[in-house]
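A.B. asks: I'll drop the sequence and a predicted model, then ask my questions.
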Amino acid sequence: MLRSELIDKMHKDNEHLTRRDVERVVAVILESVIQTLENGARVELRGFGAFSTRHRAARAGRNPRTGGQVFVSEKHVPFFRAGKELKQRIDDSAK
């Protein structure tokens, strides 16, 4: 689902809100998650999952095109762990 599709669905389910209001709500939620992760904290949405960051140490990597060795600097990457309810619903729908 794309961001615009999410906004359209939320607007359809909440017709008392304007599309612009729904866009602002989605933007505020996503920006809040991003800012929290930037500050090194964790975001937990009960039943959905938890967002956090993981540290990746510097390492030697390989350029897939040339096969040559390249240096990959250390970094922090976003990580998502699905919640129990989300896992269960996906498992049930796959059966």
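C.D. replies: Ah, there it is.
A.B. asks: quick one: end-to-end distance for stretch 32-48.
C.D. replies: Using Cα to Cα, to the nearest Å, one end of stretch 32-48 lies 16 Å from the other.
A.B. asks: which residues are contacting that stretch?
C.D. replies: Contacts of stretch 32-48 with the rest of the structure, by Cβ atoms under 8 Å, 6 or more residues apart in numbering, involve A50, F51, S52, T53, P78, A82, G83, K84, E85, L86. The C-beta positions use only the backbone N, C-alpha and C, and glycine is treated the same way.
A.B. asks: any of those buried? List them.
C.D. replies: With burial judged by 16 or more other Cβ atoms under 10 Å, the buried subset of the contacts of stretch 32-48 is F51, S52, T53.
A.B. asks: what about the helices in this protein?
C.D. replies: With DSSP state H as the criterion, the chain has helices at 3-13, 19-38, 84-94.
A.B. asks: any chance of those in TSV with mean pLDDT as columns?
C.D. replies: As requested, the helices of the chain are arranged in TSV below (pLDDT from 0 to 100):
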stretch	mean pLDDT
helix 3-13	94
helix 19-38	96
helix 84-94	93
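A.B. asks: who wins for proximity to N63 among those?
C.D. replies: N63 sits nearest to helix 19-38 of all the helices of the chain, at 29.3 Å, using Cβ to Cβ.
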